[in-house]
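Visitor: what follows is a predicted protein model with its sequence.
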Amino acid sequence: NFVLNKIPAQFARLLPRSQNQQERFLWNADPYLDVLDRELKSDDNWLNQVEAEFVQKSVLQKRQNISRGRRIAIAVFLGLSSLTVAALYQAERSSLQEKAARAQNLLSSDSPMDGLILAIQTTGESQHWLGKVLPQIQTVLPNAIDIARERNILRGHKGWVISVVVSPNSKYIATGSADSTVRLWSIEGKLLHTFKGHKDKVMSVAFSPDGKYIASGSADYTVRLWSIEGRLLKILQPKQKVNSVSFSPSSDRIITGSSDGSLQLWSTEGKLLNTFKGNQGFKGNQGLDCPSNVQYSVLSVAFSSNGKYIVSGGRSYTGRGDQVKFHNCDSMVRLWMVEGNSLKLLKPFKGHYWGVNSVNFSHNYEPKSGFIISGGEDRTLQLWSYTEGLLSTKEHEAGVTSVSFSQDGKYIVSSSFDSSLRLWTIVDRR
């Protein structure tokens, strides 16, 4: 290590002494200049007048060079920045115009709803990034809304339609009703089959992922498995009112949720594989409205698209029939891991104040990367992450009846007793 205190006088005397030295002789980058500057400012410096003047001019020249360099750098930066901003603006504009054209094409295809969703998304992005809605987008959105309006009214049921589902290939619609029937419709609205056999209202219908089967769960304590052609294949008997049914991605198993609080796993051959307590992890009255005779009902179940997980939701109640009373002592959303024919409770999510009517997974759900959505009688839909818990809460004006993700995971649709259907986007604000 070296320590510099003073430069020997003999060396200092060698410095150029003329007041008319050209700028190129000044020390404006020499590492010794800072040392000489400190020496000049000391009370007992050893510099003569010429040397002192030389050091002063060199320091001044150094400052001017630094200032000039900064001005040049700033000018270059601003020039590059303006070019970059202009390029980004043009790129974003081109991207939005391309999306608008794609939305218009989808409107004239077999996927007008996809066109509507893309038009809504593009309108929001244009307003956010450009501060205005581009003319091309202004013409697409009204067109999208007009095309995506009600296309058909499916009439035929003689009671409330409680459950509706679209087939995986988007060719069929299945409905379950309070009139105890299941009906299969073409996507154009033509009635294809009426499935009769249930003795009470049909609470839930589901298509198998391979499109071959329809499962229907009923208040008559049965689940019926039908072929797509309307033939009854199997009758499963959970021995309690069935509120929800869901197929595994492999189409060979069915999970049911019932009013006795049970989750039951079945093979499509009709064999009961296992039964699980739906309110597992509940620790009793925790200062809430929870009487000792309270019971639990599973209202909604869903398999993840990869078959590894199940999510469930429900509500607490006492009494039966006209005497039933609902309580808020257990309104948790529960995440389960599928282990063969067994379920392991991974995590209960606590956030809803009243019962949970509907639950669903984002596509290809994994605990570290996916989402769960739930809708409840407390008017809220809630977005969950396994690692972070409750991410967001949004409200309807009445209880939420159903929630679902779009296939790409960017949107959520919710329905409610307030007679509205709402479309939501997922925004990462981290």
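Guide: Thanks, I have the structure now.

Visitor: C-alpha from now on. contacts and neighbour counts both.
Guide: Will do.

Visitor: from residue 336, how far out is residue 421?
Guide: To residue 336, residue 421 is 29 Å away according to CA to CA, to the nearest Å.

Visitor: which of these two has more neighbours?
Guide: Using other CA atoms under 10 Å as the criterion, residue 421 and residue 336 rank with residue 336 on top: 18 against 14.

Visitor: for the nearest residue to residue 217 once chain neighbours are set aside, give its distance to residue 243.
Guide: Among residues not flanking residue 217 along the chain, residue 223 sits closest, at 4.4 Å (CA to CA, 6 or more residues apart in numbering). Computed as CA to CA, the residue 223 to residue 243 distance reads 10 Å.

Visitor: anything in contact with each of the two?
Guide: residue 217 (CA atoms under 8 Å, 6 or more residues apart in numbering).

Visitor: of those two, who's got more company?
Guide: residue 223 (29 against 26).

Visitor: and the more buried one, what does it touch?
Guide: Taking CA under 8 Å, 6+ apart as the test, what residue 223 contacts is 215-217, 235-238, 242.

Visitor: residue 127 in helix, strand or coil?
Guide: helix (DSSP: H, G, I helix; E, B strand; the rest coil).

Visitor: my error: substitute residue 337 in the last question.
Guide: Classified using three-state DSSP, residue 337 is strand.

Visitor: quick one: the strands in the stretch 101-250 of the chain?
Guide: 161-166, 172-177, 182-186, 191-195, 202-207, 213-218, 223-227, 232-236, 242-247 (DSSP state E, counting those that start in this stretch).

Visitor: list the neighbouring strands of the second one plus their orientation.
Guide: For strand 172-177, the paired strands and their directions (DSSP bridges) are strand 161-166 (antiparallel), strand 182-186 (antiparallel).

Visitor: just give me how far the last one sits from the chain centre.
Guide: I take that to be strand 182-186. 31 Å (CA atoms, centre = their mean, to the nearest Å).

Visitor: compute the inter-axis angle for it and strand 191-195.
Guide: Orientation of strand 182-186 against strand 191-195 (axes from the mean of the first three to the mean of the last three CA atoms, to 10 degrees) gives an angle of 160 degrees.

Visitor: give the buried residues for strand 182-186.
Guide: 182-186 (16 or more other CA atoms under 10 Å).

Visitor: can you classify the closest residue to residue 272 other than its chain neighbours by secondary structure?
Guide: Nearest residue to residue 272, sequence neighbours excluded (CA to CA, 6+ apart): residue 266, at 4.6 Å. At residue 266 the chain is in strand, as set by three-state DSSP.

Visitor: residue 266 touches residue 255, doesn't it?
Guide: Yes - if you go by CA atoms under 8 Å, residue 266 and residue 255 touch, sitting 6.3 Å apart.

Visitor: any idea how far residue 400 lies from residue 380?
Guide: Counting by CA to CA - residue 400 and residue 380 are separated by 6 Å.

Visitor: ok, back up a step: report the contact partners of the residue nearest to residue 272.
Guide: By CA under 8 Å, 6+ apart, the contact list for residue 266 reads 253-255, 272-274.

Visitor: now render those as JSON lines, adding pLDDT.
Guide: As requested, those are exported to JSON lines (pLDDT from 0 to 100):
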{"residue": "253", "pLDDT": "96"}
{"residue": "254", "pLDDT": "97"}
{"residue": "255", "pLDDT": "96"}
{"residue": "272", "pLDDT": "95"}
{"residue": "273", "pLDDT": "95"}
{"residue": "274", "pLDDT": "94"}
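
Visitor: can you tell me which of the residues you listed are in strands?
Guide: 253-255, 272-274 (DSSP state E).
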